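Participant: next input, structure requested:
(chains A and B)
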Amino acid sequence: MTGPMLAVEGLAKSYRASRGTVRAFEDVSFAVAAGETVALVGESGCGKTSLAKTIYRLQDADAGSVRLAGTDITRLSRRALRPHRRLMQMVFQDPYASLNPRLTVGRILEEPLIVHGIGDRAGRQGQVRRALERVGLAAAAAERHPHQFSGGQRQRIGLARALMLEPGVLLCDEPVSALDVSVQAQVLNLLAGVQEERRLAMLFISHDLGVVRHMADRVLVMYLGRIVESGPARRIFARPAHPYTRALLAAAPVPDPDVEAARPREILQGDPPSPIDPPPGCGFHPRCAFAEARCRTERPPLRTVGDRRVACHRATGDDEASLRLPFAPQPH
Amino acid sequence: MKALAGFARRYARNRAAVLGLVLVAIVAAMALAAPILYPESPWEMVGRPLLRPFQNPEFPLGTDALGRDVAAGILHGASVSLTIGIVATVVSVVLGTLVGAVGGWYGGWIDDALGRLTDVFQTMPFFVFALALVAILSPSVGTIIFAIGIVTWPPVARLVRGEFLALKSRDFVQACLGIGMSDARIIATQLLPNCAAPIIVTASIKVATAILTESSLAFLGLGDPNVMSWGTMIGQARDLLRTAWYLTAIPGVVILLTVMALNLVGEGLNDALNPRLKPR
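Facilitator: Below is the predicted model:
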């Protein structure tokens, strides 16, 4: 197969709320190839988790399509979907909620194999043992219950479960944000190692840019349910084009105290607008230091600019220099 | 096994619950001993009428107006009460769990329809409803069990529905959907074990309610005419309340102790199964 493992096209989802319609995300398109890690970044509430759940078919999309290894799974019935689920698995955000407290770890890991009718009992238990060893846990862990493990260990179990079916696509929804900083690195290295050895197509959702920098080949920046910038991770971190991406990068601390102290401050003003009543024009304009009249009325389309795609009126031209916005915003 | 030992330890911490369990065990022993100690029917007239307790060692609890042995009635009544209490509770819990699980899991119009149905059953005063059902169907152990089961499931349905609503959005359930697990399997292997504790607690208290309901029905003359029930004994002795008060007092105290014991057991189970609610 030559196409991408996961291809998302024009995906949209909204929820009905008491005060109107919440647009969780709209017009989201991207693709992830085998062996590639694509990171989705954005503030809490921008629609990241909702997007992951829609791609994973835990909820149905309103529009658009999700293609998994070439098959459109967006509107498959549950029965028809089941065999395709083997190809895509997910690691959940909260390792305290994602494992059934009543079951042993061995049982939790065996479950995907039982559902898909893989192997006999002895064979499945061998697979469980190997999976536990792969994520750095003793085979004896299978006898124990989730509450007997630490957060980092539980997330390893969550990863082991996702790997039981040997998927080609791995969705990771903030896999380390619920963990102590001290164990985040272990879990991240484990994820990166597994991704590389199995050539997984990985969608890595995070709000932590330090983590994204460590993991991603490409980055998607989401704001108010839309992708506002996408491109190679290295390029985006070196030279963000969208004012929102700039603000996100500016807000992320740099580990070197000298650099950190010398860095100019760009503080994002205000809260993200309500997704029930999004502002007209560019969704970011109320908080943008560079907004002009056009930004308030006309939504900027996602266009190819240089080595990436950006949804911003101000980021014009094809040469790199013009991607740079005037550096310091004018004081109000 | 370790979990079981921990459960027993937490249960034993509640002294009243241990007392309750002992009392329930005694009632169960009485029910089992009834056909051995009193192989004859408890309806049989075996002695001089209206013997007081301890008056004649052959009839330790005395005899009633027709010369029937009160002790035999109490022991056979224990078996009737426990049978009806337990089976009616099983009916009620199975029915309630089914309705609550389906409504809570599927939501939408199915939940609305089942919710309205639950409302219909819950708005009717349950004892009057049970009385009407038994009267229409003619009293027997089977119809009494059916009637008690049918009028007591709504609270179970509400409980299970609430638990399911809380559980189904949890990530471990989402993860099961993600691997393609079927609804029936998720309900049976993921959700029900996680709400077993409150169901068990409710069930133990429901047994007490069912016993009380059966006694009340029997007291009103709607007991199974073929079996001796504590309620029947009280109903028949009512007219003699002033001359032979012990005929109402003995089965009355037995009912009181049994119902209280089951409630204590329920409370103990609650403490033992939800250790987080009560740290000490």
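Participant: skipping its backbone neighbours, what lies nearest residue A:156 in space?
Facilitator: Once flanking residues are discounted, residue A:156 sits nearest to residue A:135: 4.0 Å by Cβ to Cβ, 6 or more residues apart in numbering or on different chains. For the C-beta atoms, the positions are set from N, CA and C on the backbone; glycine is no exception.
Participant: gap between that neighbour and chain B?
Facilitator: Distance, residue A:135 to chain B, by Cβ to the nearest Cβ, to the nearest Å: 16 Å.
Participant: tell me the pLDDT at residue B:251?
Facilitator: pLDDT recorded at residue B:251 is 95.
Participant: repeat for residue A:66
Facilitator: For residue A:66, the predicted pLDDT is 96.
Participant: can you pull out the low-pLDDT segments for chain A?
Facilitator: For chain A, the stretches with pLDDT under 70 are A:1-2, A:264-267, A:316-332.
Participant: recalculate using a threshold of 80.
Facilitator: Within chain A, the stretches with pLDDT under 80 are A:1-2, A:252-272, A:315-332.
Participant: spell out which residues of it are next to chain B.
Facilitator: A:53, A:56, A:58, A:78, A:81-82, A:85-86, A:89-90, A:92-94, A:97-103, A:111-112, A:115-116, A:158, A:161, A:165 (Cβ under 8 Å from any Cβ of the partner chain).
Participant: now the buried members of the residues you listed.
Facilitator: Among the residues of chain A next to chain B, the ones that count as buried by 16 or more other Cβ atoms under 10 Å in any protein chain shown are A:53, A:56, A:58, A:81-82, A:85-86, A:89-90, A:92-94, A:97-100, A:102-103, A:111-112, A:115-116, A:158, A:161, A:165.
Participant: and those, which of them are in helices?
Facilitator: Of the positions in these, A:53, A:81, A:82, A:85, A:111, A:112, A:115, A:158, A:161 sit in helices, assigned by DSSP state H.
Participant: I'd like to know which of these is nearest to residue B:39.
Facilitator: Nearest to residue B:39 among these: residue A:111, at 53.2 Å, using Cβ to Cβ.
Participant: my read: the closest one touches residue B:179, true?
Facilitator: Yes: the pair formed by residue A:111 and residue B:179 meets the contact definition of Cβ atoms under 8 Å, at 6.6 Å.
Participant: identify the contacts common to the two.
Facilitator: Shared contacts of residue A:111 and residue B:179, defined by Cβ atoms under 8 Å, 6 or more residues apart in numbering or on different chains, comprise residue A:161.
Participant: could you count how many residues lie near residue 79?
Facilitator: If you meant another chain, say so; for now it's chain A. Residue neighbour count, defined by other Cβ atoms under 10 Å in any protein chain shown, stands at 9 for residue A:79.
Participant: to clarify, I was referring to chain B.
Facilitator: 20.
Participant: next, the contact list for it, please.
Facilitator: Neighbours of residue B:79 in contact, by Cβ under 8 Å, 6+ apart: B:30, B:31, B:32, B:34.
Participant: in helices, which of those appear?
Facilitator: Going by DSSP H, the helices hold B:30, B:31, B:32, B:34 from the contacts of residue B:79.
Participant: the first one: what's it in contact with?
Facilitator: Right, residue B:30. B:74, B:75, B:78, B:79.
Participant: and with 6 Å instead?
Facilitator: For residue B:30, the contacting residues are B:75, B:78, by Cβ atoms under 6 Å, 6 or more residues apart in numbering or on different chains.
Participant: ditto for the second one
Facilitator: Residue B:31 makes contact with B:78, B:79, B:82, according to Cβ under 6 Å, 6+ apart.
Participant: list just the nearest of those to residue A:66.
Facilitator: residue B:82 (57.2 Å).
Participant: give me the below-cutoff pLDDT ranges for the stretch 101-250 of chain B.
Facilitator: For the stretch 101-250 of chain B, no range has pLDDT under 80.
Participant: which parts of it sit against chain A?
Facilitator: Residues of the stretch 101-250 of chain B lying near chain A by Cβ under 6 Å from any Cβ of the partner chain: B:170-172, B:174-175, B:177-181, B:190, B:193-194.
Participant: most neighbours among the residues you listed, which one?
Facilitator: Of all those, the highest neighbour tally under other Cβ under 10 Å goes to residue B:175, namely 27 neighbours.
Participant: what separates the spatially most central residue of chain B from chain A, distance-wise?
Facilitator: Residue closest to the mean C-alpha point of chain B, counted by Cα atoms, centre = their mean, is residue B:207 at 1.2 Å. Relative to chain A, residue B:207 is positioned 25 Å away (criterion: Cβ to the nearest Cβ).
Participant: quick check, that residue in contact with residue B:88.
Facilitator: No: Residue B:207 is not in contact with residue B:88 according to Cβ atoms under 6 Å; the separation is 8.2 Å.
Participant: residue boundaries of the helices in the stretch 1-150 of chain B?
Facilitator: Assigned by DSSP state H, counting those that start in this stretch, the helices in the stretch 1-150 of chain B fall at B:2-12, B:15-37, B:70-106, B:108-123, B:126-137, B:141-168.
Participant: next secondary structure element downstream of the stretch of helix or strand residue A:211 belongs to?
Facilitator: For residue A:211, the host element (DSSP states H and E) is helix A:209-215. Going down the chain from helix A:209-215, the next helix or strand is strand A:218-223, by DSSP H and E.
Participant: what is that following strand packed up against?
Facilitator: Under the contact criterion of 3 or more Cβ pairs under 6 Å, 6 or more residues apart in numbering or on different chains; DSSP states H and E, strand A:218-223 touches strand A:37-41, strand A:226-232, helix A:233-238.
Participant: helix or strand right after the last one?
Facilitator: Remark: after helix A:233-238, the chain's next helix or strand is helix A:243-251, criterion DSSP H and E.
Participant: I'd like to know how far residue A:182 sits from chain B.
Facilitator: 23 Å.
Participant: show me how far the helix or strand where that residue lies is from its chain's centre.
Facilitator: If you go by DSSP H and E, residue A:182 is part of helix A:181-198. Put simply, helix A:181-198 sits 15 Å off its chain's centre (Cα atoms, centre = their mean, to the nearest Å).
Participant: go on, stretch A:31-46?
Facilitator: Put simply, stretch A:31-46 sits 4 Å off its chain's centre (Cα atoms, centre = their mean).
Participant: nearest the geometric middle of chain A, what residue?
Facilitator: Nearest to the mean C-alpha position of chain A, by Cα atoms, centre = their mean, lies residue A:205 at 2.0 Å.
Participant: doesn't that one fall inside a strand?
Facilitator: Yes: checked against DSSP: H, G, I helix; E, B strand; the rest coil, residue A:205 lies within a strand.
Participant: what does the nearest residue to residue A:208 once chain neighbours are set aside show for phi and psi?
Facilitator: The shortest distance from residue A:208 to any non-neighbouring residue, by Cβ to Cβ, 6+ apart, is to residue A:177 (6.5 Å). Residue A:177 adopts backbone torsions of phi -70, psi -20, taken as degrees, to the nearest 10.
Participant: how near is residue A:177 to residue A:219?
Facilitator: Using Cβ to Cβ, to the nearest Å, residue A:177 is found at 17 Å from residue A:219.
Participant: between the two, tell me which one has more neighbours.
Facilitator: residue A:219 (27 against 15).
Participant: test my guess that that one contacts residue A:233.
Facilitator: Yes: taking contacts as Cβ under 6 Å, residue A:219 lies within contact range of residue A:233: 4.7 Å.
Participant: picking that back up, now the residue nearest to the centre of chain B: which helix or strand?
Facilitator: Residue B:207 belongs to helix B:196-219 when assigned by DSSP H and E.
Participant: list the buried residues for that helix?
Facilitator: Within helix B:196-219, the residues scored as buried using 16+ other Cβ under 10 Å are B:197-199, B:201-219.
Participant: now the angle between helix B:196-219 and whichever helix or strand comes after that helix, please.
Facilitator: Where DSSP H and E defines the elements, the next helix or strand beyond helix B:196-219 is helix B:230-237. Calculated by axes from the mean of the first three to the mean of the last three Cα atoms, to 10 degrees, helix B:230-237 forms an angle of 20 degrees with helix B:196-219.
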